[in-house]
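Visitor: Need a 3D model of the sequence below.
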Amino acid sequence: MDAEAITIPLKADESVSGLWQAPPQARACLVLAHGAGAGMTHRSMVTIADGLAERGVATLRYQFPYMERGGKRVDPPAIAQATVRQAVAAARQRAPSLPLFAGGRSFGGRMTSQAQSQAPLEGVRGLVFFAFPLHSAGKPSDQRAAHLADVAIPMLFLQGSNDALADLALLRRTVASLGGRATLDLIAQADHAFHVPAKSGRKDPEVLADALDVAAAWMAAH
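Guide: This next block holds a predicted model:
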C-alpha cells in the first residue's frame, strides 16, 4: 500500500514532511515518530507502517526538523515536542473519526511521551512505544522515565528483553510504577532493533509481526 506524501506545518516559515498510509476501513490511527538515527523512510519504519496497515491501522509517519534538514544532532526537546503536537493535529485532521494513538521508535516514542506529559495531545487515547530508550547504552538509569508519571493515558511498551537501552529490571520497575496505565510486552532475546539471535529459533520478521499483532490488538481495546 502506497503512502501519501504530506506537509506538516510547524511555524509560518517552517514545515516537515510526512507520510500518510491508511488501509481501507481503517479501525485506528497511529502517529508514528522515527528514532534518533534514521528518518521516516528507514526500512524499520516502513515495515512497521506496512504491517500496521495490514492489521487495519492507519499511520502518519513524519520527520523531526533536524532529520528534515539532514542533520545528525537531534532537536531540543521543546522543538521535538512541538513537532509531535503538530503531527498529531495533522492526523486528527486527516481522519477525525478514527481512534487516535501516538508514539514511535526509540527517541520518537520518548519525545511523544514528553509532549503528552507537558500537555495532553488532543484526541490521543494512548501511547505506543517501539523500544522505549530508558537510558544510554551501558549507563542504566530510569531518569528518562520520570516524566511518564505525568502521562495519564494508557501506554504500551513493546520491548526486547536484550535491549541495551533498557535494563530489564529497571524497565519492569518503571512499568510497574505506572500501574494499570502501562502494559509491557516483552520480546524474548530481542535487542533495541528487535533483532533476535539465530539461536533463538525465530527470525526478525516473525518477531516484529508478533509485536504488531500486540500493538493492533491493544489499540483496538482502547
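
Visitor: What are the boundaries of the helices in this structure?
Guide: 43-54, 65-68, 77-94, 107-118, 168-177, 204-221 (DSSP state H).

Visitor: Make CSV out of those helices and add mean neighbour count.
Guide: Heads up, the C-betas are built off the backbone N, CA and C, glycines and all. CSV is the format used below for those (neighbours: other C-beta atoms under 10 Å):
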stretch, mean neighbour count
helix 43-54, 18
helix 65-68, 20
helix 77-94, 20
helix 107-118, 24
helix 168-177, 15
helix 204-221, 17
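
Visitor: per-residue pLDDT, the most centrally placed residue in the chain?
Guide: With distances taken as C-alpha atoms, centre = their mean, the chain has Gly104 as the residue nearest its mean C-alpha position (1.3 Å). With respect to pLDDT, Gly104 has a value of 97.

Visitor: That one against Gly35, yeah?
Guide: Yes: with contact defined as C-beta atoms under 8 Å, Gly104 and Gly35 form a contacting pair (7.4 Å).

Visitor: what ranges of the protein fall below the confidence cut-off?
Guide: Within the chain, the stretches with pLDDT under 70 are 1.

Visitor: any idea how far Gln189 is from the residue of it most remote from its centre?
Guide: Going by C-alpha atoms, centre = their mean, the residue of the chain most distant from its centre is Lys199, 28.2 Å out. According to C-beta to C-beta, to the nearest Å, Lys199 stands 8 Å off from Gln189.

Visitor: And for Ile153?
Guide: 30 Å.

Visitor: what's the answer for Val124, then?
Guide: 32 Å.

Visitor: More neighbours: these two, which one.
Guide: Between Val124 and Gln189, counted using other C-beta atoms under 10 Å, the more crowded position is Val124 (23 against 15).

Visitor: Report the spatially closest residue to Arg94, excluding sequence-adjacent ones.
Guide: Excluding its sequence neighbours, the residue lying closest to Arg94 (C-beta to C-beta, 6 or more residues apart in numbering) is Trp20, at 6.0 Å.

Visitor: What is the burial count for that neighbour?
Guide: Neighbour count of Trp20, defined by other C-beta under 10 Å: 19.

Visitor: and the residue nearest to Gly18 when sequence neighbours are not counted, how many neighbours?
Guide: Excluding the flanking residues, the one nearest Gly18 by C-beta to C-beta, 6+ apart is Tyr62, at 4.1 Å. By other C-beta under 10 Å, the residues close to Tyr62 number 30.

Visitor: was I right about Tyr62 contacting Leu19?
Guide: Yes: taking contacts as C-beta under 8 Å, Tyr62 lies within contact range of Leu19: 7.4 Å.

Visitor: which residues do those two both contact?
Guide: Common neighbours of Tyr62 and Leu19, using C-beta atoms under 8 Å, 6 or more residues apart in numbering, are Met40.

Visitor: if we can go back for a sec, what residues are bridge-paired with the residue nearest to Arg94?
Guide: For Trp20, the beta-bridge partners are Glu4, Leu60 (DSSP bridges).

Visitor: so who does it touch?
Guide: So Trp20 contacts 3-6, 58-60, 91, 94 (C-beta under 8 Å, 6+ apart).

Visitor: From Ile48, how far out is Ala220?
Guide: In this structure, Ala220 and Ile48 are 17 Å apart, going by C-beta to C-beta.

Visitor: whoops, His34 was the one
Guide: Relative to Ile48, and taking C-beta to C-beta, His34 is found at 10 Å.

Visitor: Need the residues touching each of these two.
Guide: In contact with both His34 and Ile48: Arg105, using C-beta under 8 Å, 6+ apart.
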